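Student: I would like the atomic coordinates for the input below:
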Amino acid sequence: MPYIYPAPGVTGVEATLALEISSDATNTSLTVPAIQDISVNAANDVFTWTQLDETAKLQVATTSTNSISMNLVLDSATFFGTSGTATGATATAAGIFGMSNQKDLVEFSLYMGDESDGTAGQTLSGTGYITGLAPAVSADAPVWVSPITITVTGAYTVTT
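Tutor: Predicted coordinates:
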């Protein structure tokens, strides 16, 4: 069984995330640099009930709550966009903060990296909203770092 193994700095193997504003007719995407870590969350909710004729609770899976969480090292162009004002109709112009602040519905595409046998890996895609920004800097970590969450609306799409 092949393993997914993102390898930083190795072309094609590393995990990459592209963001695009859904209403952008030009399909201009922002490839997010400097991802420190990334987590894909797919949590099904469960409805639980008891019945008098059963000795244990019964459960059934309901809708899923999906999100992608990560930590990024920030740079000005990625965070505030190329407009410099964190506004714009494209992902590159608005930047990550702009897309969050404008409450833009974003389309994301997460390439999970090539497989260990050299074949192309899977891509997770979907739509959602950018939330959870909390940029921080300190004397011990003298670069701006921020958590970021994409709350997914609907289900993930998986392609190869």
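
Student: Could you use CA atoms for every contact and neighbour count after this?
Tutor: Will do.

Student: which other helices and strands contact the top helix by length along the chain?
Tutor: Secondary structure of the chain read by DSSP state H shows that its longest helix is helix 91-101. For helix 91-101, the contact count by 3 or more Cα pairs under 8 Å, 6 or more residues apart in numbering; DSSP states H and E identifies strand 16-21, strand 30-32, helix 76-80, strand 123-131 as packing neighbours.

Student: where in the protein is pLDDT low?
Tutor: Screening the chain residue by residue with the criterion pLDDT under 70, one finds the ranges 1-5, 8-9, 116-118.

Student: For the residue nearest the centre of the chain, which residues are in contact?
Tutor: In the chain, the C-alpha closest to the average C-alpha coordinate belongs to residue 68, at a distance of 4.0 Å (Cα atoms, centre = their mean). Counting by Cα atoms under 8 Å, 6 or more residues apart in numbering, residue 68 makes contact with 38-41, 149-152.

Student: And what about it, helix, strand or coil?
Tutor: Following DSSP: H, G, I helix; E, B strand; the rest coil, the label given to residue 68 is strand.

Student: follow-up on the earlier one: what lies in contact with the longest helix of the chain?
Tutor: Counting by Cα under 8 Å, 6+ apart, 19-21, 28-30, 77-88, 105-106, 129-131, 133 sit against helix 91-101.
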